[in-house]
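Trainee: Here you go, sequence then predicted model.
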Amino acid sequence: MDEQGGIPSTWIAAIYGSLGVLCGVAATKGIMTANDTWLLAGLIGLVIVLAALPVALRRQGGVGVVSPTIDRELHEIRGQIRGMTAAVESMQETMVLSDDARRVLNRSRERDLLCRAIQEDINSEDWDAAMVLIRELAERFGYRADAEGFRQKVETARFTTMDRRVTEAIRSLDEMMARAEWDNALNEAGRIARLFPDSPKVEGLRHRVSATRDRFKLDLERRFLHAAQAERIDEAMELLHELDQYLGEEEAQQFREVARGVIGKARENLGAQFKLAIQDRMWARASDIGERIVEEFPNSRMAEEVRGMIDTIRGRAGVSRG
C-alpha cells in the first residue's frame, strides 16, 4: 500500500495484465475453435481492460497527475497491448481463410516437417510409412521432385537392408546344413523364402538343402565302403550307424552284404577283446566290452553268453576299482 492507503501501481498493472491475458486466451480459444461467443467475449474483455487500465493508473497517481513511473508503465503496457491486438487480428484473419489458403501459407513449414518425418521413417526402416508420407508430399503439396528423391532413398535403403538380412539368414541356414540338421534347414529355407519373396537369393533354397543332403549322404556311403574295404571296422561301424538314418529299405539293399561283413567282424573283434580282458583279469575293461556287445548285438549268441557272466564281471570290476 502507498502512503495514501491505495494499491501500488505495479499491482494494478499486474492485475489488469492478468485480466488481459485471460481475455486474450478466451479470444484465441474462440479463433481456434471457430466459436463466435468465446471470440466476442475475449475481444470485449480486451477492450474493457484497455479502456480501464489507464484510468486506474491515473487515479492511483492522483487526479490530473501522472508520475514518470506510471507514464513509463503505461507506455510499456500500451506496447504489449498493441502486440496482443495485432496477434489476435492476425489469428482472426487466418481463421477466415479457407483450408486450402492456410495450407498455401504454411506450405513451406509443413513441407519441412513432412520431409523430416519421411527421413525418420527411412532411418527406422519403416518403409511403408515412409511411402505413405512420400505420396502425401507429391500429391497434396506438389513437391514431386522431392518425393521422387525420397522414393529413390527408400528403394536403396530397402534393398541394402533386405540384402543384408537375406545374407545373414542364408549364413545361418548354411550352419544348420554343416551340422546335418536337415529338417530344421528345410523349415528355415521355407521361412526365408516367405520373409524375402522379392530377393533373387532365396530362389531354390529348399532344393539347395535337399541337394546338399544328397551329397552328404553320398559322401557317407563312399567313406563307409572305403573303411569296410580297409577293414577299419570301428570307423565302418560308426559310419554305418550314421548312414542308417539316410537309407530307405531299397537303398539299404545294396549295402546289406558289406554291412553284414562289417557287423560280423565288429562282433568278432569285440568277442576277442572280451575274452582277452577276462583272461588278463581286466575286469573293468571286460565289463565295458560286455555291455557294448549286449547293446550293439542284443540278439547274438555272444550277447546271450555275456548276459550270463556280466553280473559276476561287474562285481569283480567293482572290487578291483575299490
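Mentor: All right, it came through fine. Numbering: from 1, shown residues only.

Trainee: Packing partners of the strand or helix carrying Ala130?
Mentor: Assigned by DSSP states H and E, Ala130 belongs to helix 127-139. Counting contacts by 3 or more C-beta pairs under 8 Å, 6 or more residues apart in numbering; DSSP states H and E, helix 127-139 is packed against helix 107-123, helix 144-178. No exception for glycine: its C-beta is placed from N, CA and C like everyone else's.

Trainee: Next, the angle helix 107-123 makes with that helix.
Mentor: On the basis of axes from the mean of the first three to the mean of the last three C-alpha atoms, to 10 degrees, helix 127-139 is oriented at 160 degrees to helix 107-123.

Trainee: Tell me which residues of helix 127-139 come out buried.
Mentor: For helix 127-139, a neighbour-count test (16 or more other C-beta atoms under 10 Å) marks Trp127, Ala130, Met131, Leu133, Ile134, Glu136, Leu137, Ala138 as buried.

Trainee: next one: stretch 288-308
Mentor: Neighbour counts using 16+ other C-beta under 10 Å place Ile289, Gly290, Arg292, Ile293, Val294, Phe297, Ser300, Met302, Ala303, Val306 of stretch 288-308 among the buried residues.

Trainee: roughly how far apart are Asn269 and Glu148?
Mentor: 77 Å (C-beta to C-beta, to the nearest Å).

Trainee: do the same with Glu295
Mentor: For Glu295 relative to Glu148 (C-beta to C-beta), the value is 72 Å.

Trainee: before we move on, what about Arg267?
Mentor: With C-beta to C-beta as the criterion, Arg267 and Glu148 are 77 Å apart.

Trainee: more crowded one of these two?
Mentor: Comparing Arg267 with Glu148 by other C-beta atoms under 10 Å, the one with more neighbours is Arg267, at 19 against 13.

Trainee: Name the nearest residue to the more buried one, ignoring sequence neighbours.
Mentor: Among residues not flanking Arg267 along the chain, Phe297 sits closest, at 5.2 Å (C-beta to C-beta, 6 or more residues apart in numbering).

Trainee: Val294 now?
Mentor: Distance criterion C-beta to C-beta, 6+ apart; nearest residue to Val294, sequence neighbours excluded, is Ala303 at 5.0 Å.

Trainee: ok, the buried residues of helix 127-139 vs Arg213, which is closest?
Mentor: Trp127 (35.7 Å; C-beta to C-beta).

Trainee: Pretty sure Arg151 is one of the things the closest one touches, is it not?
Mentor: No: the pair formed by Trp127 and Arg151 falls short of the contact definition of C-beta atoms under 8 Å, at 10.6 Å.

Trainee: coming back round to it: so of the buried residues of stretch 288-308, which ones are in strands?
Mentor: Nothing among these maps onto strands, per DSSP state E.

Trainee: Need those in JSON lines (columns: distance to Pro200 and pLDDT).
Mentor: As requested, those are exported to JSON lines (distance: C-beta to C-beta, whole Å; pLDDT from 0 to 100):
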{"residue": "Ile289", "distance to Pro200": "57", "pLDDT": "85"}
{"residue": "Gly290", "distance to Pro200": "59", "pLDDT": "86"}
{"residue": "Arg292", "distance to Pro200": "52", "pLDDT": "82"}
{"residue": "Ile293", "distance to Pro200": "55", "pLDDT": "82"}
{"residue": "Val294", "distance to Pro200": "55", "pLDDT": "86"}
{"residue": "Phe297", "distance to Pro200": "53", "pLDDT": "80"}
{"residue": "Ser300", "distance to Pro200": "56", "pLDDT": "80"}
{"residue": "Met302", "distance to Pro200": "59", "pLDDT": "80"}
{"residue": "Ala303", "distance to Pro200": "57", "pLDDT": "82"}
{"residue": "Val306", "distance to Pro200": "60", "pLDDT": "84"}
